[in-house]
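Novice: kindly return the folded structure for what I paste below:
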Amino acid sequence: MLVFGYEKTSFEADLKVLRIEHRLPDETLSRPECDLHDWRLQMDEGNSLLRVNYVEYPDPDWMALLPLVVRRTIANWRHEPIDGVDIGLSAYKSFADDLRNPEVDFTGPEAPSWMGPLLYRQIHARTHIHQFLDRLAPRFGGKPRQVLSKASTNFGQSAASWQEFAKHLGRVYERQEHGKSLRGPDTNVNHWRDTRRRQEAAKLVDQAALWEGRAITELAKLLGT
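Specialist: Sure thing, here's the model as predicted:
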């Protein structure tokens, strides 16, 4: 899922992301309601530091996992915005538009929350689904195999476009070291202020969206949508 436009400014904003990541209903959740579930670890006797050494987890049934991945991937691409947060295709369009708009500052005192590690985690997801479909395709025959192969190729091209995007801009993010907040490398900050670099990066965002759209078109053939 590609998400764009999230600003981490309040507890409510945190809940908004939780709803997206965990597919919760689009409704307001209070702190007590969150504490009832697994958003926080409940301790009866103060705080403790726990370490999990091993969790037994069976190998997934890859064939059974495919329909779930396909449905979620298509749904994420077509997802409507949630409280001003763009998702899927609309996220691509909004991101490219902001890159082309010189009035949008990506390098202010408070970098957008979706920048840096979160942005690149979303980008790497394109590589992951490319690899997943590429390895599953040979297990099928006929139309499903052709569809998965084409979808995999298109996701691979989308990932390649994002790799080129990174060459123009790179990361800008806040990180914590010894309790102090530090900016990312200054050269990357300057890149995000460079109009020419941003214009070229916007073209690659458009290109990545085009390839992903083609992948979604192929996957939809498996569901008849």
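Novice: and the helices in the chain?
Specialist: Along the chain, counting by DSSP state H, helices occupy 11-22, 31-36, 62-78, 89-100, 117-136, 142-168, 186-193, 195-223.
Novice: save these as a markdown table, and put in distance to residue 108 too.
Specialist: Where C-beta positions appear, they are placed from N, C-alpha and C, glycine not excepted. Listed next are the helices of the chain as a markdown table, based on distance: least, CB to CB, whole Å:
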| stretch | distance to residue 108 |
| --- | --- |
| helix 11-22 | 17 |
| helix 31-36 | 29 |
| helix 62-78 | 28 |
| helix 89-100 | 13 |
| helix 117-136 | 16 |
| helix 142-168 | 20 |
| helix 186-193 | 10 |
| helix 195-223 | 15 |
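Novice: and the ones you listed as TSV, adding distance to residue 106 and mean pLDDT?
Specialist: Shown next, in TSV, are the helices of the chain (distance: least, CB to CB, whole Å; pLDDT from 0 to 100):
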stretch	distance to residue 106	mean pLDDT
helix 11-22	18	61
helix 31-36	30	59
helix 62-78	24	90
helix 89-100	8	94
helix 117-136	10	87
helix 142-168	13	94
helix 186-193	5	77
helix 195-223	8	96
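Novice: now mean neighbour count too, for the ones you listed, in TSV please.
Specialist: Formatted as TSV, the helices of the chain follow (neighbours: other CB atoms under 10 Å):
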stretch	mean neighbour count
helix 11-22	15
helix 31-36	12
helix 62-78	15
helix 89-100	19
helix 117-136	17
helix 142-168	18
helix 186-193	15
helix 195-223	18
